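J.: Give me a model of this one.
(chains A and B)
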Amino acid sequence: ETGVTQTPRHLVMGMTNKKSLKCEQHLGHNAMYWYKQSAKKPLELMFVYNFKEQTENNSVPSRFSPECPNSSHLFLHLHTLQPEDSALYLCASSQDWGSEAFFGQGTRLTVV
Amino acid sequence: AQKITQTQPGMFVQEKEAVTLDCTYDTSDPSYGLFWYKQPSSGEMIFLIYQGSYDQQNATEGRYSLNFQKARKSANLVISASQLGDSAMYFCAMRDPNQAGTALIFGKGTTLSVSS
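T.: Residues are numbered from 1 along each chain as shown, chains lettered A, B, ... in the order given. This is a model prediction of the structure:
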């Protein structure tokens, strides 16, 4: 059982929809991350939160909006997505420098 | 600029054989961390092994070992006695505080196929 839980596991949405991805960790970590994994491409870092503060935004389009209400929860709000946004979205958390990141099982997103 | 390079898109090995997955990296910071992850078809990323830039010895975890050559900036993963369950994507990753703080930056991955 992973310490990082993502919901939903699968999501199909239209380009005009608004949806949210949820990530929850019960590992006591202080950093959380969103990654995008598209076919044939490496994992792309999207956002980094340390102690609930956003420290990295890797030139992500504004149709992706992260939210970190506390150190255990991370959301990714989606609106007016494009078909090329279809991918596996992975959430991860870590304690600090030098420690491994623990990943959730991901949300498989399909934009139609 | 790409920071993590995995040049082998796919590798094939038979059960019980050893296999080496290549990884080279680029950083100007003397302090960094290197990680290997396994991603089965289910999608979850599973942590395998870690090497710190100041570690004197190569990391080992069971059947996994990391061949760390600092001067060559390489951190190859060696899997001994391959098993069918080792078939998966393998990603090399680096934590470079000058790049993305505490986040990991990943290579493109290598698909490992183990046959009986």
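J.: What backbone torsions are found at residue A:84?
T.: With angles defined as degrees, to the nearest 10, residue A:84 sits at phi -70, psi -10.
J.: ok, it - contacts?
T.: residue A:111 (CB atoms under 8 Å, 6 or more residues apart in numbering or on different chains). Any C-beta I mention is one placed from the backbone N, CA and C, and that applies to glycine too.
J.: Look up how far residue A:12 lies from it.
T.: Distance, residue A:84 to residue A:12, by CB to CB, to the nearest Å: 15 Å.
J.: For the residue most central in space within chain A, list the residues it contacts.
T.: Central residue of chain A (CA atoms, centre = their mean): residue A:34, 3.2 Å from the mean position. By CB under 8 Å, 6+ apart, the contact set of residue A:34 is A:23, A:45-47, A:66, A:74, A:76, A:89-91.
J.: need the strands for chain B, in chain order.
T.: B:4-5, B:10-14, B:19-21, B:24-25, B:33-39, B:46-52, B:60-61, B:64-69, B:74-79, B:88-95, B:105-106, B:110-115 (DSSP state E).
J.: least reliable of those strands going by mean pLDDT?
T.: Of all those, strand B:105-106 carries the lowest average pLDDT, namely a mean of 92.
J.: Point out the other helices and strands that that strand packs with.
T.: Contact partners of strand B:105-106 among helices and strands, from 3 or more CB pairs under 8 Å, 6 or more residues apart in numbering or on different chains; DSSP states H and E: strand B:88-95.
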